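Asks: One predicted model, sequence on top.
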Amino acid sequence: MSGHSKFANIKHKKEKNDAAKGKIFTVIGREIAVAVKEGGPDPANNSKLRDVIAKAKANNMPNDTIDRGIKKAAGDANAVNYETITYEGYGPNGVAIIVDTLTDNKNRTAANVRNAFTKGGGNVGTTGCVSYMFDKKGQIIIDKEECEMDADELMMLALDAGAEDFAEEEDSFEVLTDPDSFSAVREALEAAGVPMAEADVTMIPQTWVELTDEDDIKKINRILDMLDEDDDVQATYHNWDE
């Protein structure tokens with residue numbers, strides 16, 4: 001596949017997350033609650049929960065915080081029910097944006113998402129208006145500095161576990177999987193002791209949009225920053241070639 005690593009962006013995101021751990025912990029806490037509700041509190045019998053726990057550890061969430069979240073979700077029958085809602089729309093110059101949310105108040109979330117798009121000169125569209133421009137894939141990013149395995153060995157391990165694609169970039173390796181194979185591939189890498197900088201099911205753009213106008217760049221950053229600060233927003237995907 002063509003090398004278009006977003007590892008630099010991931011590092012940048014991690015630095016932002018370090019400055020705002022409360023946000024990422026809120027996001028993961030909600031994912032834990034949903035995973036427990038759907039598949040029970042035992043990670044051994046709940047692959048979705050195992051994936052969320054791995055994500056939590058990659059983001060340096062303390063084990064006792066993870067355990068507390070699982071116990072709370074398992075023991076609180078009246079726990080808040082979160083609903084998954086995805087919004088799609090356009091930023092400046094036709095940049096495609098997908099926003100995944102987990103919310104206990106649809107009206108609040110819809111208003112906040114629309115406000116973010118409007119403030120950045122974009123607009124929310126109808127379901128399906130931009131998602132056809134993305135491929136849903138499991139994506140695992142491995143920092144070369146952290147990984148002792150050589151590229152060929154790592155590639156064979158990933159492909160044998162069911163990965164679709166493997167790419168070597170300047171500073172990282174990227175493993176892509178079908179969404180249904182993601183858990184199996186992630187667990188195979190984890191069992192082999194491979195450190196993962198990022199492991200998630202994501203939306204990967206088929207094409208990228210470049211922005212050259214300073215005003216457009218300010219606007220897209222306004223949209224993304226406002227979405228990033230919203231606790232209801234779990235993830236934002238876009239095809240802006242930063």
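Replies: Alright, I've got the coordinates.
Asks: Show me the strands in this structure, by range?
Replies: 83-90, 96-103, 123-124, 134-143, 165-168, 172-177, 198-205, 233-238 (DSSP state E).
Asks: if we look at the first one, which residues are touching it?
Replies: The reference is to strand 83-90. 34, 96-104, 106, 109-110, 113, 117, 122-131 (Cβ atoms under 8 Å, 6 or more residues apart in numbering). C-beta here means a position set from N, CA and C on the backbone, and glycine is covered the same way.
Asks: looking at it, Asp135 is touching Met203, isn't it?
Replies: Yes: counting by Cβ atoms under 8 Å, Asp135 touches Met203, with 7.3 Å between them.
Asks: Which of the contacts of strand 83-90 are buried, as a PyMOL select command?
Replies: To isolate the buried members of those in PyMOL, using 16 or more other Cβ atoms under 10 Å:
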select buried, resi 34+96+97+98+99+100+101+102+103+109+110+113+117+122+124+130
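Asks: Take the top helix by length along the chain, keep the C-alpha atoms, and write them as CSV.
Replies: If you go by DSSP state H, the chain has its longest helix at helix 21-39. Extracted in CSV, the C-alpha atoms of helix 21-39 (Å, rounded to 0.1, in the frame of the first residue of the first chain):
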residue,chain,number,x,y,z
LYS,A,21,-5.9,13.1,30.1
GLY,A,22,-9.3,13.7,31.6
LYS,A,23,-10.8,13.8,28.1
ILE,A,24,-9.2,10.6,26.9
PHE,A,25,-10.0,8.8,30.2
THR,A,26,-13.7,9.9,29.8
VAL,A,27,-13.8,8.6,26.2
ILE,A,28,-12.3,5.2,27.2
GLY,A,29,-14.5,5.0,30.4
ARG,A,30,-17.6,5.3,28.2
GLU,A,31,-16.2,2.6,25.8
ILE,A,32,-15.6,0.3,28.8
ALA,A,33,-19.2,0.9,30.0
VAL,A,34,-20.6,0.0,26.6
ALA,A,35,-18.4,-3.0,26.2
VAL,A,36,-19.3,-4.4,29.6
LYS,A,37,-23.0,-3.8,28.9
GLU,A,38,-22.8,-5.6,25.5
GLY,A,39,-20.6,-8.5,26.5
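Asks: List the buried residues for that helix?
Replies: Applying 16+ other Cβ under 10 Å to helix 21-39 flags 23-25, 27-36 as buried.
Asks: for those residues, which one is nearest Ser183?
Replies: Within those, proximity to Ser183 (Cβ to Cβ) peaks at Ala35, which comes in at 11.5 Å.
Asks: Let me know the pLDDT of that closest one.
Replies: pLDDT, Ala35: 93.
Asks: again, but for the one 5 residues further on
Replies: In the prediction, the pLDDT value recorded for Gly40 is 92.
Asks: give me the number of residues near it?
Replies: Per other Cβ atoms under 10 Å, the neighbour tally for Gly40 reads 15.
Asks: From what I see, it and Lys48 are in contact.
Replies: No: applying Cβ under 8 Å as the test, Gly40 and Lys48 come out as separate, 10.1 Å apart.
Asks: Could you measure from the closest residue to Phe182 other than its chain neighbours over to Gly40?
Replies: Nearest residue to Phe182, sequence neighbours excluded (Cβ to Cβ, 6 or more residues apart in numbering): Gly138, at 2.9 Å. Here the criterion is Cβ to Cβ, to the nearest Å. By it, Gly138 lies 22 Å from Gly40.
Asks: Let me see the domain layout of the protein.
Replies: Structural domains annotated on the chain: 7-75, 83-132+207-238, 134-205, as defined by automatic domain parsing.
Asks: quick one: which of Asp135 and Met203 has more around it?
Replies: Legend: neighbour count by other Cβ under 10 Å for Asp135 and Met203, higher for Met203 (21 against 13).
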